[in-house]
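Student: model this:
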Amino acid sequence: MKHPGTEVRRLCVAVTATGSGIAQTVIDGLRACTFPVRIIGFERNGRAKGLFECDAAHRLPSASDPAYQERLTSFCREEGVDLLIPGSDNELPKIAEVAAELEQGGCRVLASSPECIRICQDKYALHEYLVAQDAPFFPTWLASDVVLQPGDIQYPAIIKPRWGSGSVGVQILATASDWDTVKLQNTMNRLDEYVVQQLGRPSAWTDETWERVLAERSLQSQDQLVVQLFFADSGELIGRMSWLATLKSGVVMAIEVIEEPEIWRAVEPVQRAISSLGIRGPLNIQGIWAGENTQFFELNPRFSGSTGVRALLGYREVEAAVRHFGLNESAEAVENILGTPRQWVGLRQMSERIVPKAWVHTFETTGSLSYPLPLQRILVVGGSGFLGQEVIRELLSSYPYAEIVVPVRDRAQMDSQWEDRSGWDRVSLVDWGEIEALSPSIMADALVHLAAVRPPVQETSSSLFVENLRLTQIAIRAAQRLSIPLFVFVSSHAVYEGEPPPWTENTPLRPQSAYAYAKVACEELVRQLPQLGIRYALLRMGSLYGLAERIQWERVANRFAARAAKGLVLTVYGDGHQMIDLVHVSDGARAVCSVLQGPDTAWSSVYNITSGAPIEIMKLAKLCRDIADEIKGLAVPIELKQLDVPISPRSFVSCSQLARDILGWSPQIPLRVGLEEIMRHIWKEQGSSER
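Tutor: A predicted model of the protein is given here:
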């Protein structure tokens, strides 16, 4: 099993108007890409949901602001943007005007030519252009012309803004007399901003539905025909999809794929006409499905609000755009990710999320949002364990104002261990059942998942695998349910154990034990989090050791140090040449904080967290013996006993250079210091008991 390497530079994609429905579905598509993508958001409103689903963000003024284009190009240069995707209609013309300048600087722009955008956005100009090209477009007139002679057109008709999209400002005119109402609502000058189109009747509508539309003067929410085309950089068509949409207030709520020859016969002259205007990337076409009489009434050279649900159906338009325009993959290479299976119905609903007030305040006061973000509450799952308690200690030190929430099964035990320690007043213990029940009372800015079971705690391989998977599912459901944006998962470098060391993050995963298989399965679950708008980091820890609360004495380094401190025999199984890469538990805890305090490039990545200085098991035993002898001056040397028994000859050796480069993390506690600390603790306890 091999995953994209974290050493590959992530493509940088910027999305404008991150608060729009279009931009948010584009961001979802970027998160779902099967390769690393760094997302930069441009937004004016500090309370836009999509803003907080990007890796970094900057305040961009409205498109009507004279400074818009200068700020946009400046931010793209500053962030090293490779591909810019517009997220709103009103920005398209402005972005198209500076596309050449941006592309000279290395930033591709997913926008069609200014002429193409101008014609598509002006419904009257679009009608004039397409009709001249023999394309099936509904008859369209300027409202200011029709109002003078309302009886000259065919009814029913629909009046709508000349520029714009969706159902904003739409009104049905059943008869010429309805113009009296229109006149009352609009001055003659404003009517210049509206067009009138003949109202089409979908084939699926019954007479009853049609009569209700005319009587109520309101559009029905079903049976709008929508076609999405995708054009290569060359203008070649490389993807297409058609569906019937159910809308509510202009927002698509459900789509059902429809493939009919009449649709593509109607689309062909539209496609031919628009190709000559310099179209590239996505084109959204809206119309009425009526068999041979199928016609269209609107074209939008951009992604649409249904982009995300269509990706679930197989039409992965955003990924195709990034691959073709961002990674320069050929048109032929991306055609296969623009599929349209018919056996599914796509359903949509608005999504929600919560974000810390501090994040909103940061953006509103500074005009930008980047990592590390201020964290006010951190949820630590597995915080009562060996590594967990060290992580709590490190978090309390690194975040002096943050609250640490820890689900526990034994409150009394944690209270007794921590009640007199600094920062304990900022630790909130909650019952483990609350995290399993996903209680809304547990809300956090980040989740650190440490909970796991290791052999020999679980006697059977199957129970160990299932329990680790269950614990990870609980943590993931909590992150999803509570909209926790950051997720740190502590894995193990045992996932590589079937491959020859040394291991890097690009080493194929080859688990050999039930524990390692469980970690691989859990990692796969965590890797899906970006589709939920959650960033993750996987920390593959080396063999943890060191003095800490809930110290695990069965770990080889801890066991050798303890036995050496007591003058007991140190037993080595096998030849003792197996290598082990040890990392002190406090260094492991610092690695967790290093991710939380790292740059946006730290996320959706994997890191080996090890010492980088492996040691043979036999040499580890000798080191423990020598430390004890040097400090205590033992009268009788500690015996080293070697048992020739069948044992795995595997060595565990990892490279942690990526953590050093990206996170700025490196181990701080030398092995000898960590082992000596354990021994001195035991000698101190022995002295206390003797007194």
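
Student: ok, the one residue sitting closest to the centre of the chain to residue 279 distance?
Tutor: Computing the C-alpha centroid of the chain and ranking residues by CA atoms, centre = their mean puts residue 530 first, at 2.6 Å. Noted for residue 530: a distance of 30 Å to residue 279, by CB to CB, to the nearest Å. All C-beta spots, glycine's among them, are computed from the backbone N, C-alpha and C.

Student: check residue 351 too.
Tutor: 30 Å.

Student: do residue 490 as well
Tutor: For residue 490, the distance to residue 279 - CB to CB - is 48 Å.

Student: with residue 404 instead?
Tutor: Residue 404 is 53 Å from residue 279, by CB to CB.

Student: same question, residue 419
Tutor: Counting by CB to CB - residue 419 and residue 279 are separated by 68 Å.

Student: so for the two, which sits in the more crowded spot?
Tutor: residue 279 (23 against 10; other CB atoms under 10 Å).

Student: can you pull the pLDDT of the more buried one?
Tutor: Looking at residue 279, its pLDDT reads 96.

Student: ok, now which ones touch it?
Tutor: By CB atoms under 8 Å, 6 or more residues apart in numbering, the contact set of residue 279 is 112-113, 116, 231, 235, 301.

Student: and stretch 359-376, which residues are buried?
Tutor: 359-360, 362-363, 369-373, 375-376 (16 or more other CB atoms under 10 Å).

Student: and what of stretch 122-136?
Tutor: Buried residues in stretch 122-136, counted by 16+ other CB under 10 Å: 123-127, 129-130, 135-136.

Student: same thing with stretch 321-340?
Tutor: In stretch 321-340, counting by 16+ other CB under 10 Å, buried: 321-326, 331, 334, 337-338, 340.

Student: span of it from start to end?
Tutor: Its start and end residues considered, stretch 321-340 measures 17 Å (CA to CA, to the nearest Å).

Student: and the longest strand belonging to the chain, what does it pack onto?
Tutor: Counting by DSSP state E, the longest strand found in the chain is strand 237-248. Packing contacts for strand 237-248, counted by 3 or more CB pairs under 8 Å, 6 or more residues apart in numbering; DSSP states H and E, involve strand 224-231, strand 251-257, helix 261-275, helix 317-321, helix 331-334.

Student: run the last query once more with 7 Å
Tutor: Packing contacts for strand 237-248, counted by 3 or more CB pairs under 7 Å, 6 or more residues apart in numbering; DSSP states H and E, involve strand 224-231, strand 251-257.

Student: need the residues that contact that strand.
Tutor: Residues outside strand 237-248 that contact it (CB atoms under 7 Å, 6 or more residues apart in numbering) are 221-232, 252-259, 263, 271, 289, 310, 315, 320, 331, 334-335, 338, 340.

Student: if we can go back for a sec, among the buried residues of stretch 122-136, which are in helices?
Tutor: 123-127, 129-130 (DSSP state H).

Student: closest one of the residues you listed to residue 578?
Tutor: residue 126 (72.2 Å; CB to CB).

Student: looks like the closest one contacts residue 117 (just checking).
Tutor: No - in this structure residue 126 lies outside contact range of residue 117 using CB atoms under 7 Å: 10.9 Å.

Student: rewinding a little: can I get the longest strand of the chain in CSV, CA atoms only?
Tutor: Provided in CSV are the C-alpha atoms of strand 237-248 (Å, rounded to 0.1, in the frame of the first residue of the first chain):
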residue,chain,number,x,y,z
LEU,A,237,-14.6,19.5,-25.1
ILE,A,238,-13.3,16.7,-22.7
GLY,A,239,-16.3,16.2,-20.4
ARG,A,240,-20.1,16.6,-20.3
MET,A,241,-22.9,15.8,-18.0
SER,A,242,-26.7,16.5,-18.1
TRP,A,243,-29.3,16.2,-15.4
LEU,A,244,-32.7,17.3,-14.2
ALA,A,245,-32.4,19.5,-11.1
THR,A,246,-34.8,20.1,-8.2
LEU,A,247,-34.4,23.6,-6.9
LYS,A,248,-35.5,25.5,-3.8
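
Student: quick one: strands adjacent to that strand?
Tutor: strand 224-231 (antiparallel), strand 251-257 (antiparallel) (DSSP bridges).

Student: for that strand, give the mean pLDDT please.
Tutor: 89.

Student: how far off centre is it?
Tutor: 25 Å (CA atoms, centre = their mean, to the nearest Å).

Student: next, the angle from that strand to helix 261-275.
Tutor: Angle between the axes of strand 237-248 and helix 261-275 is 110 degrees (criterion: axes from the mean of the first three to the mean of the last three CA atoms, to 10 degrees).

Student: give me the buried positions along strand 237-248.
Tutor: In strand 237-248, counting by 16+ other CB under 10 Å, buried: 237-247.

Student: distance to residue 86 added to the residues you listed, as JSON lines?
Tutor: As requested, the buried residues of strand 237-248 are arranged in JSON lines below (distance: CB to CB, whole Å):
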{"residue": "237", "distance to residue 86": "21"}
{"residue": "238", "distance to residue 86": "20"}
{"residue": "239", "distance to residue 86": "19"}
{"residue": "240", "distance to residue 86": "21"}
{"residue": "241", "distance to residue 86": "20"}
{"residue": "242", "distance to residue 86": "24"}
{"residue": "243", "distance to residue 86": "23"}
{"residue": "244", "distance to residue 86": "27"}
{"residue": "245", "distance to residue 86": "22"}
{"residue": "246", "distance to residue 86": "26"}
{"residue": "247", "distance to residue 86": "22"}
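
Student: quick one: which of these is nearest residue 181?
Tutor: residue 247 (23.5 Å).

Student: against residue 207, how distant is the closest one?
Tutor: The value you get for residue 247 to residue 207, if CB to CB is used, is 22 Å.

Student: what do you get for residue 344?
Tutor: Distance from residue 344 to residue 207, by CB to CB: 31 Å.

Student: neighbour-wise, which of these two wins?
Tutor: Legend: neighbour count by other CB under 10 Å for residue 344 and residue 207, higher for residue 344 (14 against 8).

Student: list the residues that contact the residue lying closest to that one once chain neighbours are set aside.
Tutor: Spatial nearest neighbour of residue 344, excluding adjacent residues (CB to CB, 6 or more residues apart in numbering): residue 313 at 5.5 Å. Counting by CB under 7 Å, 6+ apart, residue 313 touches 257, 340-341, 344, 346.

Student: which one of those residues is nearest residue 653?
Tutor: Nearest to residue 653 among these, with distances taken as CB to CB, is residue 341, at 45.9 Å.

Student: least confident secondary structure element in the protein?
Tutor: Taking mean pLDDT, DSSP states H and E as the measure, the chain has helix 188-191 as its least confident helix or strand, at a mean of 70.

Student: strands paired with whichever helix or strand comes after that helix, and their directions?
Tutor: Once the chain leaves helix 188-191, the next helix or strand it forms, by DSSP states H and E, is strand 194-198. Applying DSSP bridges to the sheet, strand 194-198 is found paired with strand 140-142 (antiparallel), strand 157-161 (antiparallel).

Student: which other helices and strands contact the helix or strand following the first one?
Tutor: Heading C-terminal from strand 140-142, the first helix or strand you meet, by DSSP H and E, is helix 143-146. For helix 143-146, the contact count by 3+ CB pairs under 7 Å, 6+ apart identifies helix 188-191, strand 194-198 as packing neighbours.

Student: export stretch 552-568 as PDB, just CAs?
Tutor: What follows is stretch 552-568, C-alpha atoms only, in PDB (Å, rounded to 0.1, in the frame of the first residue of the first chain):
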ATOM      1  CA  GLN A 552       4.500   1.500  30.500                       C
ATOM      2  CA  TRP A 553       7.100  -0.800  32.200                       C
ATOM      3  CA  GLU A 554       6.600  -3.500  29.600                       C
ATOM      4  CA  ARG A 555       8.300  -1.400  26.900                       C
ATOM      5  CA  VAL A 556      11.800  -2.700  26.400                       C
ATOM      6  CA  ALA A 557      13.800   0.500  27.300                       C
ATOM      7  CA  ASN A 558      11.700   1.200  30.400                       C
ATOM      8  CA  ARG A 559      12.000  -2.500  31.500                       C
ATOM      9  CA  PHE A 560      15.800  -2.700  31.000                       C
ATOM     10  CA  ALA A 561      16.300   0.600  32.900                       C
ATOM     11  CA  ALA A 562      14.100  -0.500  35.800                       C
ATOM     12  CA  ARG A 563      15.800  -3.900  36.100                       C
ATOM     13  CA  ALA A 564      19.200  -2.400  35.800                       C
ATOM     14  CA  ALA A 565      18.300   0.000  38.600                       C
ATOM     15  CA  LYS A 566      17.300  -2.900  40.800                       C
ATOM     16  CA  GLY A 567      20.400  -5.000  39.900                       C
ATOM     17  CA  LEU A 568      18.400  -7.600  38.200                       C
END
